[in-house]
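>>> Predicted model follows, preceded by the sequence.
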Amino acid sequence: MIGTGILKGMAVTARNFVGSYFDEERLTTVQYPEERSPLPENYRNFPFLPYDGEDPHAGLRCVACKICEKECPPQCIYIVKSDDKKPDYMGKPQFYPKVFDIDISVCMSCQICVEVCPFEAIKMDKEFELSKRERFDQLLLRKEDLAKPNDYYHKICPTDATDVDAKLAAAAEAAAKKKAATAARAPAKD
Amino acid sequence: MSTTVETLEAMERPPVTMGSRLEGELLEVSMGPQHPSTHGVFRMNVALEGEIVRRLKPVFGYLHRNHEKIGENTSYLGSMPYTDRLDYFCSMTNNWAYALSVEKLAGIEVPERAEYLRIILAELTRLQNHASLLGFLLNDMGAWGTPLMYAFREREKILDLFESLSGSRMMCDYMRFGGCRCDTPPGWMEQAKKIVDRFPRFIDELEQLVVGNEVVIGRTQNVGVLSPELAINAGITGPMLRACGVNYDIRKVDGYGFYPRFKFRVPLGDHGDTYDRLMIRVLEMPESLSILQQAFAQIKPGPIVNPKVKLRAFRPPVGEAYGRIEGPKGELGFYLISDGGPNPYRYRVRPPSFINLTVLEDLCLGHTVADVMVILGSIDIVMGEVDR
Ligand code: SF4
Ligand code: SF4
């Protein structure tokens, strides 16, 4: 009979309409910004630079090797290497970035910088409410805006941050051992 | 001054009256690029006789982003996130097609778990692509919003899966040469299984909503008939080709990945009209679900990426390779020529949306202007892939 198909369709809409008041599965809208759905741990947005300890300058892990700058597909990272050196987490003197800018109006959140960085110095942030009133200066994040404490990284990515800390601690320990070994061997050589 | 007046007078047209005077005159209408039914910035110059389409000229290029040239100027790895932006509905399959061509070029092995994960992700992509396509198609037919929102509700669940796996809902950038970027987070597989188990409910609802609906039948049957000969000659692939009854599915033909290990059927259409194109998608979804169930049963823990592949300074040997997969929209292929350097010498995308769109005029001639929207919707295009 003509019209049955339409009636069947109507029944589906009615079921969905009524169900949207009771059924968890049909009730999917989240009333943003009052309500927020939780972000998964892997969620990524724009990069930031975690630092150890209290001082963003002393604790910054980045050694200005410029690998991320070279690999970033849209070329939105700009780094200037320092002239002097500062000790890194293993106590070895290293260069540090005098300038570290990321243009987040160009960044496409691809995470390649994070993957290629050999020093665990750049990680993905989760902050996404970034609307600004000005589109040039305010969307160009400087070193000061990018540096965030390691605790913050622990807060947004607990599993990853713990892994990274363990890895860095192991590397530091190995370096300390090596140093002690060379120090022990050095007098014997004389 | 006087010349202008003369020209104006010369250009003056006879007054428009009702009746026989208009017969034989074609009215040119420019549809798009901001038309809501053109699925993006696509323009069609349509010549109408009354309501009947007599000529149709598609105008592309509004979304051209130089994808191929950029691909030739970035490293092999750097092109991976750009492929997400081709067909932004199906970034996982785009990743796979590109990774497959690079793996062919450099002769890279992929670990077992990564292959299974790729199949799971590709089939989930197919599900959400077909679901949203059906929603959009019904939207074009005048079922404003409702089916589309149902489809998006289901799609959102799959996108949540993608987000918790790769970090982004649509721009996943998940696959890497020789595997995938990271393993699944805890609980991901269970969540995926739950969604796949619940998905048939949505397909049933959609079938009730669409299949017997008199309006849908009236609007789609015998509209935009594509003959198998024309489809093959024009290089049409994917569900659109199978709707004409041509049995050609690259999952079966090439058997890339682990597809030969899976049992699934390839639904075929009979008439090649819009209704068949719609139904092919409805019928493909349960097949995808069956592939997913088999993959969940077979997948085992293991390494996720080939450790021999370098992430940085990746230089494949000199040579060329064409890798293709059965994307949700058709054959998606990447053709790469390597001269041994860090960038491809030539990087070419074979986009299914674009090539399927080339027969638009043949499908639309003789139909009314309202049918053009439905036919366009049934082709399943994404402008990001058409214009690149
Ligand atoms: S963030 Fe990492 S890759 Fe980039 S310059 Fe610093 S240390 Fe090098
Ligand atoms: S996320 Fe991608 S685009 Fe953004 S800075 Fe890192 S490499 Fe560049």
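Received it, and whenever you're ready, just let me know what you need. Ligands and ions are numbered 1, 2, ... in the order given.

>>> ok, and the closest non-adjacent residue to the residue most central in space within chain A?
Centroid-nearest residue in chain A: A:Met124, 1.5 Å away (criterion: CA atoms, centre = their mean). Spatial nearest neighbour of A:Met124, excluding adjacent residues (CB to CB, 6 or more residues apart in numbering or on different chains): A:Arg44 at 3.7 Å. Placement of C-beta: from N, CA and C, glycine included.

>>> Over to A:Pro40?
B:Ser164 (3.6 Å).

>>> for B:Arg388, same thing?
Nearest to B:Arg388 is B:His67, by CB to CB, 6+ apart, at 4.1 Å.

>>> residues near the one you found, how many?
By the other CB atoms under 10 Å in any protein chain shown criterion, the neighbourhood of B:His67 contains 19 residues.

>>> ok, it to B:Val41 distance?
15 Å (CB to CB, to the nearest Å).

>>> swap in B:Ser168?
For B:Ser168, the distance to B:Val41 equals 23 Å [CB to CB].

>>> next one: A:Cys76
Look at A:Cys76 and B:Val41: by CB to CB, they are 25 Å apart.

>>> Same check on B:Gly330?
Note on B:Gly330: its distance to B:Val41, by CB to CB, is 21 Å.

>>> Looking at those two, which has the bigger crowd around it?
Neighbours of B:Gly330 and B:Val41, each counted by other CB under 10 Å, are more numerous for B:Gly330; the result is 27 against 18.

>>> Next, the contact list for the more buried one, please.
By CB atoms under 8 Å, 6 or more residues apart in numbering or on different chains, the contact set of B:Gly330 is B:236-241, B:352-353, B:355-356.

>>> so which of those residues comes closest to ligand 2?
Nearest to ligand 2 among the contacts of B:Gly330: B:Ser353, at 25.5 Å, using CB to the nearest ligand atom.

>>> Now do the SS call for the closest one.
Taken by DSSP: H, G, I helix; E, B strand; the rest coil, the conformation at B:Ser353 corresponds to helix.

>>> before we move on, what about B:Ile337?
Using three-state DSSP, the secondary structure recorded for B:Ile337 is strand.

>>> what number of residues lie near it?
Neighbours of B:Ile337 (other CB under 10 Å): 16.

>>> For A:Asp160, see how far away it is.
Using CB to CB, which is the criterion applied here, B:Ile337 is 38 Å from A:Asp160.

>>> and what of A:Gly91?
Where A:Asp160 is concerned, A:Gly91 sits at a distance of 25 Å (CB to CB).

>>> the more surrounded of the two?
A count of neighbours by other CB under 10 Å puts A:Asp160 above the other of A:Gly91 and A:Asp160, at 18 against 11.

>>> Doesn't the more buried one belong to a helix?
Yes. The assignment for A:Asp160 is a helix, going by three-state DSSP.

>>> For it, which residues are in contact?
By CB under 8 Å, 6+ apart, A:Asp160 lies in contact with A:41, A:123, A:153.

>>> and the contacts of B:Gly330, which of them are in helices?
Of those, the ones assigned to helices by DSSP state H are B:239-241, B:352-353, B:355-356.

>>> Quick check on the residues you listed: which are buried?
By neighbour count, with 16 or more other CB atoms under 10 Å in any protein chain shown, the ones in helices among the contacts of B:Gly330 hold B:239-241, B:352-353, B:355-356 as buried.

>>> Now stretch A:97-115: buried residues?
Counting neighbours by 16+ other CB under 10 Å, stretch A:97-115 gives A:97, A:100-102, A:104, A:107-115 as buried.

>>> host element of the closest residue to B:Ile217 other than its chain neighbours?
Excluding its sequence neighbours, the residue lying closest to B:Ile217 (CB to CB, 6+ apart) is B:Tyr275, at 6.7 Å. B:Tyr275 is part of helix B:274-298, with elements assigned from DSSP states H and E.

>>> Beyond that helix, next helix or strand please.
Following helix B:274-298 toward the C-terminus (DSSP H and E): strand B:319-327.

>>> Mind listing the strands that following strand pairs with, and their directions?
Under the criterion DSSP bridges, strand B:319-327 sits next to strand B:330-338 (antiparallel) in its sheet.

>>> now the partner strand, how far from the centre of its chain.
How far strand B:330-338 lies from its chain's middle: 15 Å, per CA atoms, centre = their mean, to the nearest Å.

>>> Check which helices and strands the next helix or strand after that strand is in contact with.
Counting by DSSP H and E, the next helix or strand C-terminal to strand B:330-338 is strand B:344-350. With contacts taken as 3 or more CB pairs under 8 Å, 6 or more residues apart in numbering or on different chains; DSSP states H and E, strand B:344-350 sits against helix B:67-73, strand B:330-338.

>>> if you set the cut-off to 10 Å instead, what comes out?
helix B:67-73, helix B:79-84, helix B:91-106, strand B:319-327, strand B:330-338 (3 or more CB pairs under 10 Å, 6 or more residues apart in numbering or on different chains; DSSP states H and E).

>>> OK, contacts around the residue nearest to A:Glu127 when sequence neighbours are not counted?
Distances taken as CB to CB, 6+ apart put A:Asn45 closest to A:Glu127, at 6.3 Å, once the chain neighbours are dropped. Contact analysis of A:Asn45 by CB atoms under 10 Å, 6 or more residues apart in numbering or on different chains lists A:39, A:104, A:107, A:109, A:111, A:124-128, A:130, B:167-168.

>>> Just the ones in helices from those, please.
Counting by DSSP H, no part of the contacts of A:Asn45 is found in helices.

>>> between the residues you listed, which is nearest A:Leu139?
For these, the residue nearest A:Leu139 by CB to CB is A:Ile104; the value is 5.4 Å.

>>> What is the burial count for the closest residue to that closest one other than its chain neighbours?
Nearest residue to A:Ile104, sequence neighbours excluded (CB to CB, 6+ apart): A:Phe46, at 4.9 Å. Counted with other CB under 10 Å, the neighbours of A:Phe46 add up to 18.

>>> pLDDT value on A:Phe46, please?
pLDDT, A:Phe46: 88.
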